[in-house]
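[1] one predicted model, sequence on top.
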Amino acid sequence: MKAMLSALAVSTAIFAASPASAADLEVMHWWTSGGEAAAVGELAKAFDGTEHSWVDGAIAGGGGTARPIMVSRLIGGDPMGAFQFNHGRQAEELIEAGLLRDMTAIAEAEGWLDVVYPQSLLDSCTVDGKIYCAPVNIHSWQWLWLSNKAFESVGAAVPANWDEFVAAAPALRKAGLQPLAVGQQSWQTSGAFNVLMVALAGPDVLVKVYGDKDVDLAAGPELASVFAAAADAREMSQGSNVQDWNQATNLVITDKAGGQIMGDWAQGEFQVAGKVAGSDYTCLPGLGVNELIDTAGDAFYFPIVDDAEITAAQDVLAATLLSKETQVAFNLAKGSLPVRGDVDLSAANDCMKKGLEILAAGNTLPAVTQLNTEDTNNQLNDLFVEFFNDTGITPEAAQARFVDIIKSGE
Ligand code: BGC
């Protein structure tokens, strides 16, 4: 008996002295396109290089499909190890419900406050002075992606701005090409509308309408002209029979469509397809009108779990996501910009370089996910997918519904 007790004492001492054991951490995200899979592979590789292992929890169908699934896991008491959301207001209710970890200690230990740029990325993670997420990139919506060959094939110059694109659309249509590629995921249409708003009415209008919920502005003539432009975009998008955003990007990559309004995650698809910015395709920030980028993007959140090994692995993941090496490898594959200003992105292509220049010049605006709640954005998604699908809805009628959504928003 004595021998058994002393053997037990020894093994307990060894256990207590050994570092926290390796954990398998389930990480949920919606990165399933070719470019996205390549990028998330870099995060997994970096984490697998620590003592822990990345268990991939990819959900197909985009953020609109993935987020409710993640939320139901969390409120159902079956938390994953970590999950992706857009940085901004999407996690507000989960934080209020006390389901997510305060990661301030890691942020401080890793010096995030000194290296993360712009600071607004960390502000978006912060509630009541506590940092709840690890931002991993800056993805801007404000881009138009154009197939050079599609325009050349109809004898038109590659457009330099939105108006030139609209003017070239009939020639593309006549040649049997799709002028504007838009898929059916509802966020694609509201995203395109918001990009038109920034390009044609200016960034201040978007910030006032969504940030301040300025109902008069929403109902006024500036927004009316954006709705008129959205009706042009709707016309140009007719016949684009695809569902997912990357299928729409693929129409541009294969020169079957003239262009797509899409965030710079589209960049990852051109990259995987071996296309060269400048010669095969053209990217116009701010639709060639207002050279700006918004600070949308992705962040990881860490649920509270009753398991010390998982908690320790979450800390390691948070630190790994923002390390210099991970930031470079991930963002080069993703088409996004790093969240820290002190990394070497000399390998970036022309479009990313344009984005970096715009960022360095400080020509940024907040993302819609930073200004609106998830509920308001879902209502906008519903409105715009209907508007794009039903040419019977007049721009005026759509604007009236838009005003109601802004009025009820928080
Ligand atoms: C995310 C991107 C992602 C895109 C399409 C956006 O909400 O920020 O990382 O590539 O959705 O799935």
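    Good, I have the coordinates.

[2] contacting residues around the spatially most central residue of the chain?
    By Cα atoms, centre = their mean, the chain has its centre lying nearest to residue 297, at 3.9 Å. Neighbouring residues of residue 297 by Cβ atoms under 8 Å, 6 or more residues apart in numbering: 86-87, 121, 135-139, 336, 339, 367. (C-beta placed from N, C-alpha, C; glycine too.)

[3] biggest separation within those residues, which pair?
    136 and 367 (14.2 Å; Cβ to Cβ).

[4] so for the two, which sits in the more crowded spot?
    The residue with more neighbours, out of residue 136 and residue 367, is residue 367; 29 against 25, by other Cβ atoms under 10 Å.

[5] and the more buried one, what pLDDT?
    Looking at residue 367, its pLDDT is 96.

[6] for it, grab phi and psi.
    phi -80, psi 160 (degrees, to the nearest 10).

[7] measure it to residue 306 for me?
    34 Å (Cβ to Cβ, to the nearest Å).

[8] please apply the same query to residue 266.
    Counting by Cβ to Cβ, the gap from residue 266 to residue 306 is 41 Å.

[9] closest approach to the ligand from the protein, which residue is it?
    Going by Cβ to the nearest ligand atom, the ligand is nearest to residue 265 of the chain, at 3.3 Å.

[10] could you pull up phi and psi at the nearest residue to residue 307 once chain neighbours are set aside?
    Nearest residue to residue 307 in three dimensions, chain neighbours excluded: residue 23, at 8.0 Å (Cβ to Cβ, 6 or more residues apart in numbering). Main-chain torsions, residue 23, degrees, to the nearest 10: phi -120, psi 150.

[11] circling back: scan the contacts of residue 297 and report the most crowded one.
    Within the contacts of residue 297, neighbour counts (other Cβ under 10 Å) peak at residue 87, which reaches 31 neighbours.

[12] could I get the full set of helices for the stretch 101-250 of the chain?
    For the stretch 101-250 of the chain, the helices defined by DSSP state H, counting those that start in this stretch occupy 104-109, 112-115, 120-125, 148-153, 162-174, 186-200, 203-206, 215-219, 221-237, 245-253.

[13] how about these in CSV, adding mean pLDDT and distance to the ligand?
    Converted to CSV, the helices of the stretch 101-250 of the chain look like this (pLDDT from 0 to 100; distance: least, Cβ to the nearest ligand atom, whole Å):
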stretch, mean pLDDT, distance to the ligand
helix 104-109, 98, 21
helix 112-115, 96, 19
helix 120-125, 95, 13
helix 148-153, 98, 23
helix 162-174, 98, 22
helix 186-200, 98, 8
helix 203-206, 98, 17
helix 215-219, 98, 24
helix 221-237, 98, 18
helix 245-253, 98, 6
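
[14] so which of those helices gets nearest residue 36?
    helix 245-253 (8.0 Å).

[15] got the angle for that closest one vs helix 221-237?
    On the basis of axes from the mean of the first three to the mean of the last three Cα atoms, to 10 degrees, helix 245-253 is oriented at 70 degrees to helix 221-237.

[16] how far off centre is helix 245-253?
    Centre-to-centre, helix 245-253 and its host chain are 17 Å apart (Cα atoms, centre = their mean, to the nearest Å).

[17] can I get that helix as PDB, trimmed to CA atoms?
    Extracted in PDB, the C-alpha atoms of helix 245-253 (Å, rounded to 0.1, in the frame of the first residue of the first chain):
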ATOM      1  CA  TRP A 245     -19.800  34.600 -54.700                       C
ATOM      2  CA  ASN A 246     -16.800  32.600 -55.900                       C
ATOM      3  CA  GLN A 247     -18.800  31.100 -58.800                       C
ATOM      4  CA  ALA A 248     -19.500  34.700 -59.800                       C
ATOM      5  CA  THR A 249     -15.800  35.500 -59.500                       C
ATOM      6  CA  ASN A 250     -15.200  32.500 -61.700                       C
ATOM      7  CA  LEU A 251     -17.300  34.000 -64.500                       C
ATOM      8  CA  VAL A 252     -14.900  36.900 -64.500                       C
ATOM      9  CA  ILE A 253     -11.800  34.700 -64.200                       C
END
